[in-house]
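S.K.: got a predicted model here, sequence first, then my questions.
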Amino acid sequence: MRKRKELYEESQKHGKGVKILHELCAYTPKEVYHLLNNNSRVKNWFFIIGNHYYPNPSKKVLLLYPCSTVKPFWKSRLYKALNKTLEEFSKYRKYIHLVTISEPFGLIPEEFYGEKGENYNWDDEWYDVPGLFEWWVKKHKLPYEKEYLEKSIEIIAKNVSKYLYKTKNVYKERIAFVRTYSSSLKQKDDHTHRRIIEAASKISGVKVKILPPKRIVKRIVDKKGRFAWDMYGVAHPDAQKYLKRVLEQVIKREFCSRFS
């Protein structure tokens, strides 16, 4: 109990003006698995996104982007970097649908960002779920049960797949911009966002382009060192430059003639 109290005190520090709920904290794969199966907030959210929520039909590019340790995530360095990139697209921004990929909630569309989203109040829903990350769990000398890692990824992926399938005729392009490789240029089991999206794409039969590619990660590591990628990930300026080029290509290919 003392260990968990200390971990929860650490979790509370991640909330910037919001409270992290004790019931929405999970520090091992087994805890994450039980959270996904038993927590009413998480299960209700899966039901909302899977059955009731539909994006505005004007949205033509799905951009999946990782959640952050900082909550709310839209106040994090990760999202400030992204917003700076998206500001470059002015009139085409309305066609890009930003959706956060999250453990444990699966998908959180940008319409729900802000202290009071348009359709749902996130004031008291904040969470800290590092329990699927091997490095974090072992750092805190907790049990890392890969069986529950796999089960947790499967549950989230199935819920994400429902959204991909029901919106297959909405989006023209689907891009996931997540941590694809480690700074050692390996794909790890605890790169959960990548693994969730890969599994969801396979289940739904809907293709999602998962970026950045290995060459971009290698370029950042070679240029700035492994620490730069470990610390910044897709928020790194060079990663954001790459994302900007990708979005420019998508817009030019799919939308300029149609919406100019």
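M.R.: It's in.
S.K.: only C-alpha atoms from now on, for both contacts and neighbour counts.
M.R.: OK.
S.K.: mind listing the helices for the stretch 151-260 of the chain?
M.R.: 192-204, 214-224, 226-232, 237-254, 256-259 (DSSP state H, counting those that start in this stretch).
S.K.: winner for burial among the ones you listed?
M.R.: Stretch with highest mean neighbour count among the helices of the stretch 151-260 of the chain: helix 192-204 (a mean of 22; mean count of other C-alpha atoms under 10 Å).
S.K.: list the helices and strands it packs on?
M.R.: Judged by 3 or more C-alpha pairs under 8 Å, 6 or more residues apart in numbering; DSSP states H and E, helix 192-204 is in contact with helix 146-166.
S.K.: number of residues surrounding G17?
M.R.: Residues contacting G17 under the criterion other C-alpha atoms under 10 Å number 10.
S.K.: actually P57, sorry about that
M.R.: P57: 11 neighbours (other C-alpha under 10 Å).
S.K.: cool, Y33 as well?
M.R.: 24.
S.K.: so it, which of the three states?
M.R.: Here Y33 is helix, with the state taken from DSSP: H, G, I helix; E, B strand; the rest coil.
S.K.: so who does the spatially closest residue to R77 that is not a sequence neighbour touch?
M.R.: Ranked by C-alpha to C-alpha, 6 or more residues apart in numbering and with sequence neighbours excluded, the top spatial neighbour of R77 is A235, at 7.2 Å. By C-alpha atoms under 8 Å, 6 or more residues apart in numbering, the contact list for A235 reads R77, L78, Y79, A81, L82.
S.K.: of those residues, buried ones?
M.R.: For those, a burial check counting by 16 or more other C-alpha atoms under 10 Å picks out L78, Y79, A81, L82.
S.K.: now do the last one, the pLDDT please.
M.R.: When you say that, I think you mean L82. Predicted confidence (pLDDT) for L82: 97.
S.K.: separation between it and L243?
M.R.: Distance check for L82 against L243: by C-alpha to C-alpha, to the nearest Å, it reads 9 Å.
S.K.: secondary structure element for N83?
M.R.: N83 is part of helix 77-86, with elements assigned from DSSP states H and E.
S.K.: I am finished for the moment; much appreciated.
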